[in-house]
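K.L.:
Below is the sequence, then the predicted model.
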Amino acid sequence: MTATTAITTGRPPGDLPERRPAGRRFDLGQPFVYLVALVVAAVAIGPVVYVFLGGFRTTADLNADPAGLPDPWTLQNWATVLGAPRFWGNVFASIVLAGGTTLGVVIAGIMAAFVIARYDFRGRQGLYTLFTAGLMFPLTVAALPLTLLLRTLGLHGTYLGVIIPSIAFALPTTIIILVPFLRAIPDELEEAAQIDGASRLGFFWRILLPLSMPGLVTVGVLAFVGSWNGYLLPLLVISTGTLPQDLWPLPLGVTQFSTQYSQDTAAVLAYTSLAMIPALVFFLAAERRIVGGLQGAVKG
């Protein structure tokens with residue numbers, strides 16, 4: 001066969017052109033997709049990089065060349081912010097709010113999702129639809145009644161007045177992610193656990209929770225980042241209360257710092273960078289688990 005092919009083509013067997021494997025043809029749409037991805041990445045990352053680099057510049061350098069690189073590089077802005085007691089008070093407040101919200105969202109979300117996903121009762125689909133409809137209920141619509149309710153309950157101006165509503169507004173997304181994830185766990189696994197003598201609660205603690213860890217990490221990270229960056233709810237609840245400004249969360253602290261040091265733009269950029277770093281690090285550290293949790297929710 002090789003000799004026949006060589007006679008037909010007039011070329012030695014070793015000089016025959018290699019055939020292109022099927023499925024590797026050039027797609028004209030790929031460069032366009034890459035271009036769009038690069039533009040979106042630049043739009044998303046560009047402001048973050050600019051703010052971060054701006055913290056290493058002086059205010060005079062920023063005014064002279066807003067789009068330039070630091071010249072000279074300086075750490076004075078970072079030292080000023082890190083040496084301010086108010087900054088660490090703002091960090092403490094953000095940790096309390098984000099930690100409390102994350103803990104509440106994970107606990108309440110997994111319990112509600114377990115009942116909706118694994119129990120068969122009348123109105124189950126309606127309850128799931130009700131949680132889904134919560135995505136269409138923005139915080140701005142609930143601002144006035146929520147403020148009145150918190151004043152009535154004596155929670156206005158407190159951390160609990162921020163944490164409890166934050167949990168409520170994060171539950172719809174949590175339920176939507178966890179319910180399909182829990183439904184994807186085979187019923188045979190639960191039946192085998194019952195044969196071994198495990199109750200439904202034992203199945204929940206010993207088997208379902210470890211298997212649903214990627215989904216829990218996903219909703220936990222989303223809740224943490226959302227609470228850490230939350231501005232409107234703390235503005236409505238805390239800024240109009242009796243808490244001192246040193247115990248306000250970081251988003252409000254950035255506003256107060258920029259007002260107090262409005263002439264020192266570089267220091268404001270350094271403060272903003274430090275406020276962003278914990279959420280970015282937390283999100284990037286759990287990126288793979290987030291993707292795995294979302295994939296599990298989609299497959300479910």
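P.N.:
Thanks, I have the structure now.

K.L.:
Tell me where the chain is predicted with low confidence.
P.N.:
1-29, 286-300 (pLDDT under 70).

K.L.:
Now the residue nearest the centre of it: closest residue in space that isn't a chain neighbour?
P.N.:
Against the mean C-alpha coordinate of the chain, by C-alpha atoms, centre = their mean, the closest residue is residue 222 at 3.5 Å. With sequence-adjacent residues excluded and distances taken as C-beta to C-beta, 6 or more residues apart in numbering, residue 222 is closest to residue 173, at 6.6 Å. Heads up, the C-betas are built off the backbone N, CA and C, glycines and all.

K.L.:
Relative to residue 274, how far out is residue 83?
P.N.:
Distance of residue 83 to residue 274, computed by C-beta to C-beta, to the nearest Å: 12 Å.

K.L.:
what about those two, which has more around it?
P.N.:
Comparing residue 83 with residue 274 by other C-beta atoms under 10 Å, the one with more neighbours is residue 274, at 20 against 9.

K.L.:
returning to that earlier point: quick check: the residue nearest to the centre of the chain vs residue 171, distance?
P.N.:
If you measure residue 222 against residue 171 using C-beta to C-beta, the figure is 12 Å.

K.L.:
re the thing from before, where does the residue nearest to residue 222 fall, helix, sheet strand or coil?
P.N.:
Following DSSP: H, G, I helix; E, B strand; the rest coil, residue 173 is assigned to helix.

K.L.:
Tell me how many other residues crowd it.
P.N.:
Neighbour count of residue 173, defined by other C-beta under 10 Å: 20.

K.L.:
show me the residues around it that make contact.
P.N.:
Counting by C-beta atoms under 8 Å, 6 or more residues apart in numbering, residue 173 makes contact with 135, 219, 222.

K.L.:
What separation is there between the second one and residue 168?
P.N.:
It stands for residue 219. Residue 219 is 14 Å from residue 168, by C-beta to C-beta.

K.L.:
In terms of neighbours, single out the busier of the two.
P.N.:
residue 219 (28 against 16).

K.L.:
buried set for the helix or strand hosting the more buried one?
P.N.:
Assigned by DSSP states H and E, residue 219 belongs to helix 213-228. Applying a neighbour-count criterion of 16 or more other C-beta atoms under 10 Å, the buried positions in helix 213-228 are 214-228.

K.L.:
same for it, what does it pack against?
P.N.:
helix 85-118, helix 160-183, helix 265-285, helix 287-299 (3 or more C-beta pairs under 8 Å, 6 or more residues apart in numbering; DSSP states H and E).

K.L.:
Keeping just the C-alphas, turn whichever helix or strand comes after it into CSV.
P.N.:
Following helix 213-228 in sequence order, the next helix or strand is helix 232-237 (DSSP H and E). Taking C-alpha atoms only, helix 232-237 is exported to CSV below (Å, rounded to 0.1, in the frame of the first residue of the first chain):
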residue,chain,number,x,y,z
LEU,A,232,-26.2,50.3,51.2
LEU,A,233,-27.4,48.1,54.2
PRO,A,234,-24.7,49.3,56.6
LEU,A,235,-25.4,52.9,55.4
LEU,A,236,-29.1,52.5,56.3
VAL,A,237,-28.6,50.7,59.6
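
K.L.:
elements contacting the following helix or strand past helix 232-237?
P.N.:
Counting by DSSP H and E, the element after helix 232-237 in chain order, helix or strand, is helix 250-260. Contact here means 3+ C-beta pairs under 8 Å, 6+ apart; on that basis helix 250-260 packs against helix 85-118, helix 232-237, helix 265-285.

K.L.:
what's residue 230 in contact with, if anything?
P.N.:
So residue 230 contacts 97, 162, 166, 249, 251 (C-beta under 8 Å, 6+ apart).

K.L.:
Residue 74: helix or strand, and which one exactly?
P.N.:
With DSSP H and E as criterion, residue 74 is part of no helix or strand.

K.L.:
hang on, the earlier thing: and the gap between the residue nearest to the centre of the chain and residue 101?
P.N.:
Look at residue 222 and residue 101: by C-beta to C-beta, they are 11 Å apart.

K.L.:
Please identify every residue contacting each of those two.
P.N.:
Listed contacts common to residue 222 and residue 101 are residue 170; contacts here mean C-beta under 8 Å, 6+ apart.

K.L.:
Please name the nearest non-neighbouring residue to residue 202.
P.N.:
In this structure, residue 202 finds its nearest non-sequential neighbour in residue 193, 7.1 Å apart by C-beta to C-beta, 6+ apart.

K.L.:
got the CA positions of the host helix or strand of that neighbour in PDB?
P.N.:
Here residue 193 sits within helix 187-195, counting by DSSP H and E. The C-alpha atoms that make up helix 187-195 are tabulated as PDB, following Å, rounded to 0.1, in the frame of the first residue of the first chain:
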ATOM      1  CA  ASP A 187     -31.300   8.200  46.800                       C
ATOM      2  CA  GLU A 188     -29.600   4.800  47.000                       C
ATOM      3  CA  LEU A 189     -26.900   6.400  49.200                       C
ATOM      4  CA  GLU A 190     -29.500   7.500  51.700                       C
ATOM      5  CA  GLU A 191     -31.200   4.100  51.600                       C
ATOM      6  CA  ALA A 192     -27.900   2.400  52.200                       C
ATOM      7  CA  ALA A 193     -27.300   4.700  55.200                       C
ATOM      8  CA  GLN A 194     -30.800   3.800  56.600                       C
ATOM      9  CA  ILE A 195     -30.100   0.100  56.200                       C
END
